[in-house]
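K.L.:
Give me the fold of what follows.
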Amino acid sequence: MRIHVTELKAGDKLSHDTFNSYGLHVLSKGTDLFAREISKLFQHQIDYVDIDARPSEEPAIRTIESGLSPKWLPTVEPIYQDAVSGCEQLFMEAFQNGKIVEDDVVHTFQPLVDNFRMERDVVSMLLLLNTKDDYTYQHSVQVGMLAYFLASWLDYSEEEAVKIGQAGFLHDIGKCQIQEAILNKPDKLSTDEFETIKKHTIFGHRIITDSFGASLAATVALEHHERIDGTGYPNRIAGSDMHPVSKIVAVADVYSAMISSRVYQKKRDLLFVLKELYRMSFSELDPETTHTFIRHMIPNFIGKQVELETGETGTIIMTHSSEFFRPLIRVEERFIDLTVERSLEVKHVFM
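P.N.:
As a prediction, this is how the structure comes out:
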């Protein structure tokens, strides 16, 4: 059956190969159409496609945008929780002994890599796995995962990306030596308390150096709160003196912290967080690293439901490579291109 692209539903299947007006092959016969594929049709300005007939008895497609969990969740959730528990054990080991065992790090982190390597919808993955409990340990796991993905996007080899992920995983290990009353304080930290928090970078560097010797992970633990404009801590070094991997973990660290609920902070909307990273890329965070992260995260919003500032709700159909935060949105039977409708903004992204 021939159908206009605006009438496509998630789960439709192409019955013929699809080409654009220049004769370029876009999608193959038999392709299952979901938000990402439909977006590709829009990008190539294809109006009509041929799809297999829809069986009347066909059950509703279970997708993230319908509010139901993706098929990978039951498999990866236990692995994620095991990693969080393993991280807690590493913190306890570091607190008690001042050292950690490298094999314990590998055995805790590697299952994440093995199971999440092919999962590219990082937005959904983090949101569905994130809970309000064990912030410090979840944050470490998330930063490790994000650092691994970001390193891959920056064209590091798989072996290098795994090492970078491990460094991200251990970046906050020095917090094991900070009092919980300060780490989990619900109110604003005093000047003295913030100075104490800052020391986790030095403590982490010492723990990892005592455990493994001079290493990438030790450098990252020391530098992940440094900023390219020299305003970070503990040594206020500038971007030219920061290790490139410290810049990767800094981006992952800020992103994970801002999307998470903490005792003193509510989690923030996803697009707001990426906008904040973009703003920080002109002063505090490395621009190339940050923009690479944003470019790869933004397409994951395709298919997500959003609320506009007008109160209308719709679905992101297409994202733009240059105007990151102004997607094409379908609201009922009409389309709103925020690159054209400049007065409109996305207020909230739903799962």
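K.L.:
So what touches stretch 45-55?
P.N.:
Stretch 45-55 has contacts (C-beta atoms under 8 Å, 6 or more residues apart in numbering) with 1-5, 8-9, 12-16, 18, 20-21, 26, 33, 41. Where C-beta positions appear, they are placed from N, C-alpha and C, glycine not excepted.
K.L.:
So which elements touch whichever strand or helix holds G86?
P.N.:
Assessed by DSSP states H and E, G86 sits inside helix 73-97. On a contact count with 3 or more C-beta pairs under 8 Å, 6 or more residues apart in numbering; DSSP states H and E, helix 73-97 meets helix 102-116, helix 122-129, helix 135-153.
K.L.:
among those, which is the most enclosed?
P.N.:
helix 135-153 (a mean of 24; mean count of other C-beta atoms under 10 Å).
K.L.:
Dump that helix to CSV, keeping only the CA atoms.
P.N.:
Output of helix 135-153 as CSV, limited to C-alpha atoms (Å, rounded to 0.1, in the frame of the first residue of the first chain):
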residue,chain,number,x,y,z
TYR,A,135,24.1,8.8,43.6
THR,A,136,27.9,8.6,44.0
TYR,A,137,28.2,5.1,42.7
GLN,A,138,25.6,5.4,39.9
HIS,A,139,27.4,8.6,38.8
SER,A,140,30.7,6.8,38.6
VAL,A,141,29.1,4.0,36.5
GLN,A,142,27.4,6.6,34.2
VAL,A,143,30.6,8.6,33.7
GLY,A,144,32.5,5.5,32.8
MET,A,145,29.8,4.5,30.3
LEU,A,146,29.6,8.0,28.8
ALA,A,147,33.4,8.4,28.6
TYR,A,148,33.6,5.1,26.8
PHE,A,149,31.0,6.2,24.2
LEU,A,150,32.5,9.7,23.8
ALA,A,151,36.0,8.3,23.3
SER,A,152,34.5,6.0,20.6
TRP,A,153,32.8,9.0,18.9
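K.L.:
chain center to the helix holding G86: distance?
P.N.:
19 Å (C-alpha atoms, centre = their mean, to the nearest Å).
K.L.:
got it, and stretch 328-341?
P.N.:
25 Å.
K.L.:
From the recorded domain assignment, give the ranges for this structure.
P.N.:
2-61, 78-298, 303-349 (automatic domain parsing).
K.L.:
what sits against N115?
P.N.:
Contacts of N115 by C-beta under 8 Å, 6+ apart are T75, V76, I79.
K.L.:
next one: A147
P.N.:
Contacts of A147 (C-beta under 8 Å, 6+ apart): I164, G165, A167, G168, F169, V245, I248, V249, A252.
K.L.:
Need those residues in JSON lines (columns: neighbour count).
P.N.:
Output for the contacts of A147, formatted as JSON lines (neighbours: other C-beta atoms under 10 Å):
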{"residue": "I164", "neighbour count": "27"}
{"residue": "G165", "neighbour count": "28"}
{"residue": "A167", "neighbour count": "29"}
{"residue": "G168", "neighbour count": "32"}
{"residue": "F169", "neighbour count": "28"}
{"residue": "V245", "neighbour count": "25"}
{"residue": "I248", "neighbour count": "32"}
{"residue": "V249", "neighbour count": "32"}
{"residue": "A252", "neighbour count": "27"}
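K.L.:
Among those, which are located in helices?
P.N.:
Using DSSP state H, the subset of the contacts of A147 located in helices is I164, G165, A167, G168, F169, V245, I248, V249, A252.
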